[in-house]
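Participant: Model the structure of this input:
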Amino acid sequence: MDLVQGATADRELPPMNAQNVTVIGLGQMGSALAGALLDAGHTTTVWNRSPDKAGPLVARGAVRAETVAEAVAASDLVLVCLLDYPSVRELLVPVGESLHGKALVNLTSGSPEQAREHAKWAAGWGIAYLDGGIMTTPPGVGDSAHMFLYSGAPEVLAAHHDTLAALGDPVDLGTDPGLASLYDSGLLGLMWSVFGGWLHATALTGADGVTAKDFTTIACRWLKTVSWFMTGYAEQIDAGEYPGHDATIDVQVAAIDHLLHAGADRGIDPRLPELHLELMRQMVAAGHGKDSYARVIDAFRAS
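Facilitator: Sure thing, here's the model as predicted:
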């Protein structure tokens, strides 16, 4: 074997699609983002207000930038993950000119309105802007099973899809830069509602000696059926028609009483099922007792 070829074969070469990427903000999430990019073989420049946070990443091969301007200049793809949008503006407005012609992916949590405002600022500097929502915690970054939601400039996601895929599964929500934040807020609300219902149910069954692990095995299987209900209800909501051919609100009002009674006998806090009962009774009072549960969306819209 040729000695040069042999030496090359022994070295770890970067992947063919490796690129320079900058990560600004090295909290737990920002550090996880930079780590996933390094693991994927990308040349990763990092910056943080507290420089010491870059140490572990530098030890893994990251390049530490001394200033935000230096960090921005290092790459055509810049990721920012900070505490909030005001922090993003504080750091990036002074280097707006340097970001001209680059792709900026903002993975900072905020409101849809903030995302749209930031997209307008970026457009004024000729910056291709993509807003993102991270649908996992830091330990899940780098796993394609977890979603990263993106909205904004479609050319950014198209050009950098493979690089962003190193973080998680990239989901394109469209050109409205506010949609990633909007979905993020809605999905977090769904998560907390599911957690609350699961914890209430786990407390209920646990009062009779059922372990959380045993109950959760059945609960996860049940959630697959619940997702089937949701898919059907989504079609009803979009059509504005709520046929109660599966189970009417009247029937579910009766069913939730069983849950309340079982909880009362076991000393379980009733506030969560009482809230559901209140919403359902509101729909019954409005004359919708024969409709499907999806009609309860009107209770949320009214408020």
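Participant: For the rest of this, base every contact and every neighbour count on C-alpha atoms.
Facilitator: Noted.
Participant: Spatially nearest residue to T43 (excluding sequence neighbours)?
Facilitator: Closest residue to T43 apart from its sequence neighbours, by Cα to Cα, 6 or more residues apart in numbering: N20 at 4.7 Å.
Participant: and if you look at Y150?
Facilitator: G132 (4.4 Å).
Participant: which element is F148 on?
Facilitator: Secondary structure assigned from DSSP states H and E places F148 in strand 147-152.
Participant: do the same with H245
Facilitator: H245 belongs to no helix or strand, assigned by DSSP H and E.
Participant: Was I right to think it contacts K290?
Facilitator: No. Judged on Cα atoms under 8 Å, H245 makes no contact with K290 at a distance of 9.1 Å.
Participant: Looking at these two, which one has more neighbours?
Facilitator: A direct count of neighbours by other Cα atoms under 10 Å for H245 and K290 places K290 higher, at 18 against 9.
Participant: tell me the strands in the stretch 51-200 of the chain, going along the chain?
Facilitator: 63-64, 77-80, 103-106, 128-134, 147-152, 169-172 (DSSP state E, counting those that start in this stretch).
Participant: what's the most buried one of those?
Facilitator: strand 128-134 (a mean of 27; mean count of other Cα atoms under 10 Å).
Participant: Sheet partners, orientation included, of that one?
Facilitator: When sheet partners are counted by DSSP bridges, strand 128-134 sits next to strand 103-106 (parallel), strand 147-152 (antiparallel).
Participant: who's in contact with it?
Facilitator: 101-109, 115, 119, 122-123, 147-157, 177-178, 180-181, 183-184 (Cα atoms under 8 Å, 6 or more residues apart in numbering).
Participant: tell me the mean pLDDT for that strand?
Facilitator: Mean per-residue pLDDT for strand 128-134: 98.
Participant: Kindly report the same for stretch 78-85.
Facilitator: 97.
Participant: picking that back up, adding mean pLDDT and distance to D238, write the strands paired with strand 128-134 out as JSON lines.
Facilitator: Shown next, in JSON lines, are those (pLDDT from 0 to 100; distance: least, Cα to Cα, whole Å):
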{"stretch": "strand 103-106", "mean pLDDT": "98", "distance to D238": "31"}
{"stretch": "strand 147-152", "mean pLDDT": "98", "distance to D238": "22"}
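Participant: Indicate which one of these is closest to A239.
Facilitator: strand 147-152 (25.7 Å; Cα to Cα).
Participant: Turn the strands of the stretch 51-200 of the chain into CSV, including distance to W228.
Facilitator: As requested, the strands of the stretch 51-200 of the chain are arranged in CSV below (distance: least, Cα to Cα, whole Å):
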stretch, distance to W228
strand 63-64, 47
strand 77-80, 36
strand 103-106, 33
strand 128-134, 25
strand 147-152, 20
strand 169-172, 21
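Participant: Which of those strands sits closest to L91?
Facilitator: Comparing the strands of the stretch 51-200 of the chain by Cα to Cα, strand 77-80 comes nearest, at 9.9 Å.
Participant: Would you state the helices of the stretch 51-200 of the chain in chain order?
Facilitator: Secondary structure of the stretch 51-200 of the chain by DSSP state H, counting those that start in this stretch: the helices cover 55-59, 68-73, 85-92, 112-124, 154-164, 179-206.
Participant: right, so these: which one is the most enclosed?
Facilitator: Among the helices of the stretch 51-200 of the chain, helix 68-73 has the highest mean neighbour count (mean count of other Cα under 10 Å), at a mean of 20.
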